[in-house]
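In: Everything below, folded, please.
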Amino acid sequence: HVNAPHLPVAIKRMLPHWAGVDDVTSSFLDEARLVAHIRHPNVVRIREMIKDGEGVTVVTEYVHGCALSHVLKMSPRPVPPGVAVAITCNVLDALTAAHSACDDQGNSLDIVHRDVSPHNILIGADGEARLIDFGIAKARGRIQETREGHVKGKFPYLAPEQLSGGEVTPRTDIYATGVVLWEALVGRRLFDEPNVAATIHRVLLAMRDAAQ
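Out: Numbering: from 1, shown residues only. Coordinates of the predicted model:
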């Protein structure tokens, strides 16, 4: 059952072979619960969450459009500055709502997205950008926590503190948004190394040089 059957929706459902895996189930549940507390037009809304014997199904609003990563891949030239800035402002507005979200008792959820990247920014046909995929977000009260020493996210967009095992804060998301803006304006990745190790080295080296 969906509360608004006349509206198009997107359905995110666990694959059957993941249904019995606690970490995957917890991740689905965490994402749905967190996003339900973020009420902002630039965050894709959760319409319903269904948990049954076959796993978890999350029903969200449908956004007619495509990911920014697709736009960047298909475009022969960089995104016009005005458009890139508008997209960035939408993402920053979404992050502000996420960072300030509270639970039903009014307590801060301390949400940090941790995976801001072109893949997780939907560009709608209405011209608005929306932030998606809070599956690895850090937040107070999550069922599933990232194991110590494990780094999650897309490495070219991760902040130095993520790569070095430091504390992640809202500034971590702001950093990633800046990397996305740079990529949109220039037309290539800021950190486009051949492997993960080289990417980590380059990011940490750039931060060290900037601090000097």
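
In: May I ask you to name the longest helix in the chain?
Out: In the chain, taking DSSP state H as the definition, the longest helix is helix 81-99.

In: Packing partners of the helix or strand that comes right after that one?
Out: For helix 81-99, the succeeding helix or strand toward the C-terminus, using DSSP states H and E, is strand 121-124. Applying 3 or more Cβ pairs under 8 Å, 6 or more residues apart in numbering; DSSP states H and E, one finds that strand 121-124 contacts strand 65-67, helix 68-74, helix 81-99, strand 129-131. C-beta here means a position set from N, CA and C on the backbone, and glycine is covered the same way.

In: which of the ones you listed is buried the deepest?
Out: Looking across those with neighbours counted as mean count of other Cβ atoms under 10 Å, the highest average goes to strand 129-131: a mean of 23.

In: Packing partners of that one?
Out: If you count contacts as 3+ Cβ pairs under 8 Å, 6+ apart, strand 129-131 packs onto helix 81-99, strand 121-124.

In: how about the helices in this structure?
Out: Using DSSP H, helices in the chain cover 22-36, 68-74, 81-99, 160-163, 170-186, 196-211.

In: in the shortest one, what counts as buried?
Out: The reference is to helix 160-163. Under the neighbour-count criterion of 16 or more other Cβ atoms under 10 Å, helix 160-163 has 160, 162-163 buried.

In: Dump those residues into TSV; add distance to Gly106 and pLDDT as well.
Out: Putting the buried residues of helix 160-163 into TSV (distance: Cβ to Cβ, whole Å; pLDDT from 0 to 100) gives the following:
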residue	distance to Gly106	pLDDT
Pro160	33	92
Gln162	29	90
Leu163	34	89
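
In: Just put those residues in TSV and tack on distance to Arg188.
Out: Formatted as TSV, the buried residues of helix 160-163 follow (distance: Cβ to Cβ, whole Å):
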residue	distance to Arg188
Pro160	21
Gln162	22
Leu163	21
